[in-house]
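K.L.:
what shape does this take:
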Amino acid sequence: IHSITGSLYLPLPFIHLMTLFYMFHKVLFLVHLLAYLASIMGNTLIITITWTDHRLQTPMYFFLRSFSFFECCFITTVIPKLLAIFLSGRQSISFVACFTQAFVFLFLGTTVFFLMAVLSLDRYLAICKPLYYSTIMNPRMCFLLVTACLSLGFVLMVVPIIMLSQSSFCGSHVIPHFFCDFGPLIHLSCSDTRSTEMLAFILALFILLTSLIITIIAYSNIVVTVVRLPSAKERQKAFSTCSSHLIVLSLMYGSCVFIYVKPKQTNRLDSNREAALVNTVVTPLLNPVIYTLRNKQVHQALRDALSRVRLQK
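P.N.:
Numbers count the residues shown, from 1 in each chain. Below is the predicted model of the structure:
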(Lines give C-alpha, C1' and ligand atoms only; values in the text may rest on other atoms or scores of the structure.)
Protein backbone atom coordinates (compact mmCIF):
# COMPACT_ATOMS: atom_id res chain seq x y z
CA ILE A 1 0.00 0.00 0.00
CA HIS A 2 1.57 3.26 -1.14
CA SER A 3 1.38 6.85 -0.01
CA ILE A 4 -0.59 6.29 3.16
CA THR A 5 -0.14 4.45 6.44
CA GLY A 6 -2.05 4.17 9.65
CA SER A 7 -5.78 3.70 9.94
CA LEU A 8 -8.95 4.23 7.97
CA TYR A 9 -12.11 5.77 9.31
CA LEU A 10 -15.50 4.07 9.12
CA PRO A 11 -18.20 6.76 9.29
CA LEU A 12 -21.47 5.00 9.86
CA PRO A 13 -24.32 7.08 8.42
CA PHE A 14 -25.78 7.41 11.90
CA ILE A 15 -22.51 7.61 13.89
CA HIS A 16 -22.45 11.43 13.89
CA LEU A 17 -25.64 11.47 15.95
CA MET A 18 -24.17 9.32 18.69
CA THR A 19 -22.96 12.19 20.84
CA LEU A 20 -26.51 13.59 20.86
CA PHE A 21 -28.37 10.31 21.06
CA TYR A 22 -26.36 8.07 23.35
CA MET A 23 -29.29 5.79 24.02
CA PHE A 24 -29.94 5.45 20.29
CA HIS A 25 -26.34 4.31 19.97
CA LYS A 26 -26.94 1.58 22.56
CA VAL A 27 -30.19 0.52 20.88
CA LEU A 28 -28.38 0.09 17.55
CA PHE A 29 -25.73 -1.99 19.29
CA LEU A 30 -28.38 -4.17 20.91
CA VAL A 31 -30.36 -4.65 17.67
CA HIS A 32 -27.29 -5.69 15.68
CA LEU A 33 -26.02 -7.88 18.52
CA LEU A 34 -29.35 -9.72 18.76
CA ALA A 35 -29.51 -10.13 14.97
CA TYR A 36 -25.95 -11.48 14.93
CA LEU A 37 -26.53 -13.90 17.81
CA ALA A 38 -29.82 -15.09 16.32
CA SER A 39 -28.15 -15.71 12.97
CA ILE A 40 -25.21 -17.58 14.54
CA MET A 41 -27.50 -19.65 16.76
CA GLY A 42 -29.90 -20.45 13.90
CA ASN A 43 -27.15 -21.54 11.53
CA THR A 44 -25.39 -23.47 14.31
CA LEU A 45 -28.66 -25.26 15.03
CA ILE A 46 -28.92 -26.31 11.38
CA ILE A 47 -25.30 -27.53 11.43
CA THR A 48 -25.86 -29.50 14.65
CA ILE A 49 -29.16 -31.09 13.60
CA THR A 50 -27.97 -32.09 10.14
CA TRP A 51 -24.73 -33.45 11.61
CA THR A 52 -26.22 -35.53 14.43
CA ASP A 53 -29.50 -36.85 12.97
CA HIS A 54 -28.92 -39.99 10.88
CA ARG A 55 -31.96 -39.23 8.70
CA LEU A 56 -30.32 -36.01 7.53
CA GLN A 57 -27.05 -37.62 6.42
CA THR A 58 -27.77 -36.90 2.75
CA PRO A 59 -25.96 -34.74 0.17
CA MET A 60 -28.60 -31.98 0.35
CA TYR A 61 -28.09 -31.55 4.10
CA PHE A 62 -24.32 -31.81 3.72
CA PHE A 63 -24.45 -28.82 1.36
CA LEU A 64 -26.92 -27.03 3.63
CA ARG A 65 -24.61 -27.63 6.59
CA SER A 66 -21.68 -26.22 4.61
CA PHE A 67 -23.81 -23.24 3.55
CA SER A 68 -24.74 -22.49 7.18
CA PHE A 69 -21.10 -22.72 8.26
CA PHE A 70 -19.94 -20.30 5.57
CA GLU A 71 -22.81 -17.95 6.45
CA CYS A 72 -21.58 -17.84 10.06
CA CYS A 73 -18.06 -17.02 8.87
CA PHE A 74 -19.39 -14.48 6.36
CA ILE A 75 -21.28 -12.33 8.86
CA THR A 76 -18.48 -12.67 11.44
CA THR A 77 -16.14 -10.76 9.10
CA VAL A 78 -18.37 -7.67 9.41
CA ILE A 79 -20.71 -7.62 12.41
CA PRO A 80 -18.23 -7.97 15.34
CA LYS A 81 -16.25 -4.95 14.10
CA LEU A 82 -19.51 -3.03 13.65
CA LEU A 83 -20.52 -3.93 17.21
CA ALA A 84 -17.14 -2.80 18.51
CA ILE A 85 -17.66 0.58 16.81
CA PHE A 86 -21.10 0.93 18.38
CA LEU A 87 -19.80 -0.02 21.81
CA SER A 88 -16.55 1.94 21.92
CA GLY A 89 -17.28 4.78 19.50
CA ARG A 90 -13.84 4.25 17.91
CA GLN A 91 -14.37 4.16 14.16
CA SER A 92 -10.85 3.37 12.98
CA ILE A 93 -9.52 0.27 11.26
CA SER A 94 -5.97 -0.39 10.06
CA PHE A 95 -5.20 -0.78 6.36
CA VAL A 96 -4.14 -4.40 6.86
CA ALA A 97 -7.32 -5.22 8.77
CA CYS A 98 -9.43 -3.37 6.20
CA PHE A 99 -8.04 -5.24 3.20
CA THR A 100 -8.21 -8.51 5.13
CA GLN A 101 -11.87 -7.88 5.94
CA ALA A 102 -12.64 -6.99 2.31
CA PHE A 103 -10.93 -10.10 0.97
CA VAL A 104 -12.48 -12.54 3.44
CA PHE A 105 -15.92 -10.96 2.96
CA LEU A 106 -15.75 -11.24 -0.85
CA PHE A 107 -14.11 -14.69 -0.78
CA LEU A 108 -16.79 -16.17 1.48
CA GLY A 109 -19.59 -14.38 -0.39
CA THR A 110 -18.37 -15.84 -3.70
CA THR A 111 -18.08 -19.30 -2.12
CA VAL A 112 -21.68 -19.09 -0.87
CA PHE A 113 -22.94 -18.17 -4.36
CA PHE A 114 -21.22 -21.14 -5.97
CA LEU A 115 -22.51 -23.36 -3.17
CA MET A 116 -26.07 -22.22 -3.92
CA ALA A 117 -25.52 -23.30 -7.53
CA VAL A 118 -24.34 -26.69 -6.25
CA LEU A 119 -27.52 -26.95 -4.16
CA SER A 120 -29.52 -26.34 -7.34
CA LEU A 121 -27.66 -29.15 -9.11
CA ASP A 122 -28.23 -31.42 -6.13
CA ARG A 123 -32.00 -30.80 -6.26
CA TYR A 124 -32.00 -31.35 -10.02
CA LEU A 125 -30.29 -34.74 -9.70
CA ALA A 126 -32.46 -35.82 -6.76
CA ILE A 127 -35.74 -34.97 -8.52
CA CYS A 128 -34.95 -35.44 -12.22
CA LYS A 129 -32.35 -38.25 -12.08
CA PRO A 130 -33.23 -40.20 -8.91
CA LEU A 131 -31.77 -43.49 -10.18
CA TYR A 132 -28.34 -41.94 -10.66
CA TYR A 133 -28.45 -39.61 -7.65
CA SER A 134 -26.76 -41.80 -5.05
CA THR A 135 -24.08 -42.84 -7.54
CA ILE A 136 -23.21 -39.29 -8.61
CA MET A 137 -23.64 -37.50 -5.29
CA ASN A 138 -21.43 -39.78 -3.23
CA PRO A 139 -19.49 -38.41 -0.21
CA ARG A 140 -16.33 -37.92 -2.25
CA MET A 141 -18.17 -35.87 -4.90
CA CYS A 142 -19.87 -33.74 -2.23
CA PHE A 143 -16.52 -32.95 -0.63
CA LEU A 144 -14.96 -32.13 -4.01
CA LEU A 145 -17.82 -29.78 -4.92
CA VAL A 146 -17.51 -27.81 -1.67
CA THR A 147 -13.72 -27.69 -2.09
CA ALA A 148 -14.18 -26.44 -5.65
CA CYS A 149 -16.50 -23.66 -4.41
CA LEU A 150 -13.88 -22.58 -1.86
CA SER A 151 -11.05 -22.71 -4.41
CA LEU A 152 -12.98 -20.68 -6.99
CA GLY A 153 -13.93 -18.10 -4.37
CA PHE A 154 -10.30 -17.69 -3.31
CA VAL A 155 -8.81 -17.53 -6.82
CA LEU A 156 -11.40 -15.11 -8.20
CA MET A 157 -11.19 -12.66 -5.29
CA VAL A 158 -7.48 -12.64 -4.52
CA VAL A 159 -6.49 -11.00 -7.83
CA PRO A 160 -8.63 -7.81 -7.65
CA ILE A 161 -7.79 -7.33 -3.96
CA ILE A 162 -4.04 -7.59 -4.69
CA MET A 163 -4.42 -5.14 -7.61
CA LEU A 164 -6.29 -2.69 -5.39
CA SER A 165 -3.78 -3.01 -2.53
CA GLN A 166 -1.02 -1.90 -4.92
CA SER A 167 -2.82 1.36 -5.70
CA SER A 168 -1.88 4.68 -4.12
CA PHE A 169 -4.10 6.08 -1.39
CA CYS A 170 -4.08 9.76 -0.54
CA GLY A 171 -6.39 12.42 0.76
CA SER A 172 -9.35 11.38 2.86
CA HIS A 173 -9.09 8.34 5.11
CA VAL A 174 -12.88 8.15 5.44
CA ILE A 175 -14.57 5.00 4.09
CA PRO A 176 -18.13 5.85 2.95
CA HIS A 177 -19.49 2.57 4.32
CA PHE A 178 -19.90 0.64 7.57
CA PHE A 179 -17.31 -2.01 6.60
CA CYS A 180 -14.47 -2.47 4.12
CA ASP A 181 -15.88 -3.50 0.76
CA PHE A 182 -14.41 -3.27 -2.75
CA GLY A 183 -16.32 -0.18 -3.92
CA PRO A 184 -15.59 1.97 -0.84
CA LEU A 185 -11.87 1.08 -1.01
CA ILE A 186 -11.70 2.06 -4.70
CA HIS A 187 -13.37 5.34 -3.68
CA LEU A 188 -10.31 6.14 -1.50
CA SER A 189 -7.69 5.45 -4.17
CA CYS A 190 -6.06 8.35 -6.02
CA SER A 191 -4.62 6.00 -8.67
CA ASP A 192 -6.22 5.14 -11.98
CA THR A 193 -8.43 2.20 -10.93
CA ARG A 194 -10.35 1.72 -14.19
CA SER A 195 -8.71 -1.63 -14.94
CA THR A 196 -9.35 -2.85 -11.38
CA GLU A 197 -12.97 -1.71 -11.52
CA MET A 198 -13.51 -3.40 -14.88
CA LEU A 199 -11.99 -6.63 -13.58
CA ALA A 200 -14.22 -6.49 -10.51
CA PHE A 201 -17.27 -5.88 -12.72
CA ILE A 202 -16.41 -8.83 -15.01
CA LEU A 203 -15.81 -11.14 -12.05
CA ALA A 204 -19.05 -10.10 -10.34
CA LEU A 205 -20.94 -10.65 -13.60
CA PHE A 206 -19.29 -14.04 -14.09
CA ILE A 207 -20.02 -15.21 -10.53
CA LEU A 208 -23.64 -14.07 -10.49
CA LEU A 209 -24.47 -15.17 -14.04
CA THR A 210 -22.78 -18.57 -13.67
CA SER A 211 -24.69 -19.44 -10.52
CA LEU A 212 -27.91 -17.91 -11.89
CA ILE A 213 -27.75 -19.81 -15.20
CA ILE A 214 -27.05 -23.11 -13.42
CA THR A 215 -29.98 -22.43 -11.07
CA ILE A 216 -32.38 -21.48 -13.87
CA ILE A 217 -31.50 -24.57 -15.95
CA ALA A 218 -31.75 -26.85 -12.91
CA TYR A 219 -35.09 -25.48 -11.72
CA SER A 220 -36.59 -25.37 -15.21
CA ASN A 221 -35.98 -29.12 -15.46
CA ILE A 222 -37.25 -29.60 -11.91
CA VAL A 223 -40.53 -27.82 -12.68
CA VAL A 224 -41.08 -29.92 -15.82
CA THR A 225 -40.37 -33.13 -13.90
CA VAL A 226 -42.50 -32.21 -10.87
CA VAL A 227 -45.51 -31.23 -13.00
CA ARG A 228 -45.43 -34.70 -14.53
CA LEU A 229 -45.48 -36.48 -11.16
CA PRO A 230 -48.72 -38.48 -10.79
CA SER A 231 -49.20 -37.87 -7.07
CA ALA A 232 -50.21 -34.46 -5.72
CA LYS A 233 -48.42 -35.30 -2.46
CA GLU A 234 -45.17 -35.96 -4.33
CA ARG A 235 -45.51 -32.68 -6.23
CA GLN A 236 -46.11 -30.76 -3.01
CA LYS A 237 -43.09 -32.39 -1.32
CA ALA A 238 -40.79 -31.60 -4.27
CA PHE A 239 -41.91 -27.96 -4.50
CA SER A 240 -41.65 -27.54 -0.72
CA THR A 241 -38.05 -28.78 -0.75
CA CYS A 242 -37.07 -26.34 -3.51
CA SER A 243 -39.05 -23.27 -2.43
CA SER A 244 -36.78 -22.50 0.54
CA HIS A 245 -33.75 -22.55 -1.71
CA LEU A 246 -35.42 -20.19 -4.18
CA ILE A 247 -36.39 -17.70 -1.45
CA VAL A 248 -32.80 -17.55 -0.17
CA LEU A 249 -31.50 -17.18 -3.74
CA SER A 250 -33.82 -14.26 -4.50
CA LEU A 251 -32.66 -12.38 -1.38
CA MET A 252 -28.98 -12.95 -2.17
CA TYR A 253 -29.19 -12.12 -5.87
CA GLY A 254 -31.28 -9.00 -5.32
CA SER A 255 -28.82 -7.36 -2.93
CA CYS A 256 -25.61 -8.50 -4.68
CA VAL A 257 -26.68 -7.47 -8.20
CA PHE A 258 -27.54 -4.01 -6.84
CA ILE A 259 -24.14 -3.64 -5.11
CA TYR A 260 -21.60 -5.24 -7.43
CA VAL A 261 -22.88 -5.50 -11.01
CA LYS A 262 -21.92 -2.04 -12.24
CA PRO A 263 -18.78 -0.95 -14.11
CA LYS A 264 -18.19 2.06 -11.84
CA GLN A 265 -17.77 0.77 -8.28
CA THR A 266 -17.92 4.23 -6.72
CA ASN A 267 -21.45 4.87 -8.00
CA ARG A 268 -24.35 4.75 -5.53
CA LEU A 269 -22.21 4.14 -2.45
CA ASP A 270 -24.86 5.70 -0.22
CA SER A 271 -27.62 3.38 -1.45
CA ASN A 272 -25.22 0.43 -1.34
CA ARG A 273 -25.20 0.65 2.46
CA GLU A 274 -28.85 -0.38 2.68
CA ALA A 275 -28.37 -3.27 0.23
CA ALA A 276 -25.25 -4.36 2.14
CA LEU A 277 -27.26 -4.44 5.37
CA VAL A 278 -29.69 -6.84 3.69
CA ASN A 279 -26.78 -8.98 2.50
CA THR A 280 -24.83 -9.03 5.76
CA VAL A 281 -27.53 -8.89 8.45
CA VAL A 282 -31.03 -9.63 7.15
CA THR A 283 -30.38 -12.55 4.76
CA PRO A 284 -28.14 -14.58 7.13
CA LEU A 285 -30.76 -14.06 9.85
CA LEU A 286 -33.64 -15.23 7.64
CA ASN A 287 -31.84 -18.22 6.10
CA PRO A 288 -32.13 -20.56 9.12
CA VAL A 289 -35.74 -19.45 9.66
CA ILE A 290 -36.66 -20.14 6.03
CA TYR A 291 -34.93 -23.52 5.93
CA THR A 292 -36.30 -24.76 9.26
CA LEU A 293 -39.87 -23.48 8.95
CA ARG A 294 -40.34 -24.93 5.46
CA ASN A 295 -38.62 -28.28 5.96
CA LYS A 296 -40.59 -31.11 7.55
CA GLN A 297 -37.54 -33.34 7.97
CA VAL A 298 -35.75 -30.65 9.96
CA HIS A 299 -38.95 -30.12 11.99
CA GLN A 300 -39.04 -33.81 12.90
CA ALA A 301 -35.32 -33.90 13.72
CA LEU A 302 -35.75 -30.89 16.04
CA ARG A 303 -38.76 -32.49 17.77
CA ASP A 304 -36.84 -35.72 18.29
CA ALA A 305 -33.83 -33.83 19.67
CA LEU A 306 -36.05 -31.92 22.12
CA SER A 307 -37.69 -35.17 23.19
CA ARG A 308 -34.31 -36.73 23.91
CA VAL A 309 -33.32 -33.70 25.98
CA ARG A 310 -36.54 -33.96 28.05
CA LEU A 311 -35.99 -37.68 28.63
CA GLN A 312 -32.44 -37.06 29.83
CA LYS A 313 -33.78 -34.57 32.39
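K.L.:
going forward, measure contacts and count neighbours with C-alpha atoms only.
P.N.:
Fine.
K.L.:
avg pLDDT for the strand or helix carrying Y219?
P.N.:
Secondary structure assignment for Y219, by DSSP states H and E: helix 194-227. Helix 194-227 shows an average pLDDT of 86 in the prediction.
K.L.:
for it, buried residues please.
P.N.:
Judged by neighbour count (16 or more other Cα atoms under 10 Å), helix 194-227 contains these buried residues: 196-201, 203-205, 207-208, 211-212, 214-215, 218-219, 222-223, 225-226.
K.L.:
what do you get for stretch 96-112?
P.N.:
Applying 16+ other Cα under 10 Å to stretch 96-112 flags 98-99, 101-112 as buried.
K.L.:
let me know the secondary structure of F178.
P.N.:
Look at F178: counting by DSSP: H, G, I helix; E, B strand; the rest coil, its state is coil.
K.L.:
wait, it sits on L82?
P.N.:
Yes. Contact status for F178 versus L82: in contact at 7.1 Å, counting by Cα atoms under 8 Å.
K.L.:
which one of those two has more residues nearby?
P.N.:
Set F178 next to L82 and count neighbours by other Cα atoms under 10 Å: F178 wins out with 23 against 19.
K.L.:
please name the nearest non-neighbouring residue to I161.
P.N.:
Nearest residue to I161, sequence neighbours excluded (Cα to Cα, 6 or more residues apart in numbering): F103, at 6.5 Å.
K.L.:
pLDDT weak spots in the stretch 151-300 of the chain?
P.N.:
Per-residue confidence for the stretch 151-300 of the chain (pLDDT under 70) gives these ranges: 171-172, 176-177, 234-235, 237-242, 244-245, 254-279, 291-295.
K.L.:
what about the closest residue to A126 other than its chain neighbours, neighbour count?
P.N.:
Of all residues not flanking A126 in the chain, Y133 sits nearest, at 5.6 Å (Cα to Cα, 6+ apart). Neighbour count of Y133, defined by other Cα under 10 Å: 17.
K.L.:
list the buried residues in the host helix or strand of Y133.
P.N.:
Applying DSSP H and E as the criterion places Y133 in helix 130-136. Neighbour-count burial for helix 130-136, with 16+ other Cα under 10 Å as criterion, is recorded at Y133.
K.L.:
so which elements touch it?
P.N.:
Here helix 130-136 touches helix 95-128, going by 3 or more Cα pairs under 8 Å, 6 or more residues apart in numbering; DSSP states H and E.
K.L.:
now the angle from the helix it packs on to helix 194-227?
P.N.:
Angle between the axes of helix 95-128 and helix 194-227 is 20 degrees (criterion: axes from the mean of the first three to the mean of the last three Cα atoms, to 10 degrees).
K.L.:
I'd like the average pLDDT over helix 95-128.
P.N.:
89.
K.L.:
and if you look at stretch 132-149?
P.N.:
According to the model, stretch 132-149 has a mean pLDDT of 93.
K.L.:
for it, buried residues please.
P.N.:
Result for stretch 132-149 [16+ other Cα under 10 Å]: buried residues 133, 137, 142, 145-146, 149.
K.L.:
can you redo these as a markdown table with distance to I47?
P.N.:
What follows is these, written out as a markdown table (distance: Cα to Cα, whole Å):
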| residue | distance to I47 |
| --- | --- |
| Y133 | 23 |
| M137 | 20 |
| C142 | 16 |
| L145 | 18 |
| V146 | 15 |
| C149 | 19 |
